[in-house]
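can you look at this prediction? I've put the sequence above it.
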Amino acid sequence: MTTLREYLDKTDCKDDLKDLIELIAIQAVPIRDAFIYNQSYAGTENSSGDKQAALDVWSDEHIVNVLLKSNLVSQIASEERDDIVKNPNAKAGYAVVMDPLDGSSLIQVNLCVGTIVGIYDNGDALSCGNQMRAAMYMLYGPMTVLTLTVGSGVYIFALKDGVYTMLEENVKMPQGKLYGSGGLKKDWIPEHEKFIDEIEKEGGKLRYSGSFVADFHQILKYGGIYCYPKTKDNATGKLRLVFEANPIGFIAAQAGGEITDGVNNLLDVKPQKPHHKTPIYVGSKNMTEKIIRICKE
Ligand code: AFP
């Protein structure tokens, strides 16, 4: 069985990047341990206006402290913070973008949530997604799994006794029929309504949990589409380009899928600010091509 480190040693990653990836991945252990003591809401909101769960705040503080201590990271953009955390004296200049605990409304009901992370080697957390050096997420389900790309395919690892070993190599997203959409149906715009209508007529099957990372993992394995569209009352949608769309989109692209807002490939969009929001369609190309066509019509 190949361990995470053995896999990384076969890639073109520099040693400090391998260390950084391993360091972040192993934070799944303390984060999972913290679930039981952080079940409630924190009573605060983040800059996107989301209610913060205690575990959002805990995971954010924990990962930021670990990254600052490592001295490998010069910028950290976190969904739970207004501003980018800077460490100009870091010995390596990686920029990390993250959603420390994605899907936090599901913590209290013990459904699957995760940690989403993107890494840039240019020191700029507000880079376009297509400049990402590595992207990963840890999914806290029945198993803890790590899905990782360093720009040469997607690999999935499972955590046992503090060691990640490879579960699947070079994962390819199949064409598929699963779909899940955020936003209230009464507020959907006509293009989105038509998209979902076409999918349903073609036998699409609804799967939506309220955790982007968990819903995406299913799409990665089975094929289909996750979407959070713009709506009549919200032109920007709900999800964030920097912390959510770009790392997941980079993984999707590495697995043969695509991420779009219906018009633009999101990996080409320059973030205007840390909490830049965007409509999202991410999944198999049979699905992204459909929404792109509908938006053009
Ligand atoms: P956070 O838990 O990090 O705030 O993210 C939740 C989320 O951005 C994404 O994970 C879900 O897919 C989406 O929001 C769910 O939103 P709805 O509750 O509006 O469906």
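All right, it came through fine.

going by C-alpha atoms from here, please, whenever you check contacts or count neighbours.
Will do.

hang on, isn't Cys227 packed against Ile280?
Yes: applying Cα atoms under 8 Å, one finds Cys227 in contact with Ile280, separated by 5.3 Å.

does the helix or strand where Asn246 lies come close to the ligand?
Secondary structure from DSSP states H and E places Asn246 in helix 246-254. No: contact of helix 246-254 with the ligand (Cα under 6 Å from any ligand atom) is absent, the minimum separation being 11.3 Å.

start at 45 instead
Let's use 45 as the start, then, which means that last one is helix 290-298.

counting by contacts, list what that helix packs against.
strand 157-164, strand 178-184, strand 188-193, helix 256-266, strand 302-304, strand 324-327 (3 or more Cα pairs under 8 Å, 6 or more residues apart in numbering; DSSP states H and E).

run through who's touching that helix.
160-162, 172-174, 176, 179-180, 192-193, 195-198, 217, 257, 260, 264, 302-303, 310-311, 326-327 (Cα atoms under 8 Å, 6 or more residues apart in numbering).

repeat for stretch 52-66
48-49, 116, 136, 194.

quick one: pLDDT of the residue nearest to Lys95 when sequence neighbours are not counted?
For Lys95, ignoring the flanking residues on the chain, the nearest one in space by Cα to Cα, 6 or more residues apart in numbering is Glu89 at 4.5 Å. The score at Glu89 is 86. That number is its pLDDT.

okay, now Glu89: neighbour count?
Around Glu89 there are 14 other residues, counting by other Cα atoms under 10 Å.

buried residues in the lengthiest helix in the chain?
Longest helix in the chain, counting residues (DSSP state H): helix 98-114. Across helix 98-114, burial judged by 16 or more other Cα atoms under 10 Å covers 98-105, 107-108, 111-112.

so what touches the following helix or strand past it?
Once the chain leaves helix 98-114, the next helix or strand it forms, by DSSP H and E, is strand 117-122. Contacts with strand 117-122, where a contact means Cα under 8 Å, 6+ apart, come from 104, 108, 111, 127-144, 167-169, 287, 318.

just those residues: which are in helices?
Using DSSP H, these in helices are 104, 108, 111.

and for the spatially closest residue to the second one that is not a sequence neighbour, the neighbour number?
Spelled out, that is Val108. In this structure, Val108 finds its nearest non-sequential neighbour in Ile120, 7.4 Å apart by Cα to Cα, 6+ apart. By the measure other Cα under 10 Å, the count of residues near Ile120 is 26.

cool, Glu212 as well?
Count around Glu212 with other Cα under 10 Å applied: 12.

name the nearest residue to it, ignoring sequence neighbours.
Nearest to Glu212 is Ile200, by Cα to Cα, 6+ apart, at 5.1 Å.

quick one: the one you found is in a helix?
No: counting by DSSP: H, G, I helix; E, B strand; the rest coil, Ile200 is not part of a helix but strand.

roughly how far does Gly185 sit from Thr159?
Gly185 sits 12 Å away from Thr159, going by Cα to Cα, to the nearest Å.

compare these two (neighbour count), which wins?
Just comparing Gly185 and Thr159: by other Cα under 10 Å the higher neighbour count belongs to Thr159, 26 against 14.

next up, the contacts around the more buried one.
142-146, 181-183, 257.

buried ones among those residues?
Going by neighbour count (16+ other Cα under 10 Å), those have 142-146, 181-183, 257 buried.

what sits against the residue lying closest to Asp165 once chain neighbours are set aside?
Leaving aside its sequence neighbours, Asp165 sits nearest to Tyr138 (Cα to Cα, 6+ apart; 4.7 Å). Residues in contact with Tyr138 (Cα under 8 Å, 6+ apart) are 116-119, 163-168.

thinking again about what came up before, pLDDT check: weakest of the contacts of stretch 52-66?
Minimum pLDDT across the contacts of stretch 52-66 falls on Ala136, with 92.

can you report how many residues lie near Thr191?
By other Cα under 10 Å, neighbour count at Thr191 equals 23.

repeat for Lys216
Neighbour count of Lys216, defined by other Cα under 10 Å: 20.

quick check, it in a strand?
No: according to three-state DSSP, the state of Lys216 is coil, so it is not within a strand.

correct me, but it touches Gly300?
Yes: Lys216 is within contact range of Gly300, at 6.1 Å (criterion: Cα under 8 Å).

how about the residues of the stretch 195-341 of the chain that lie near the ligand?
226-227, 254-256, 283.
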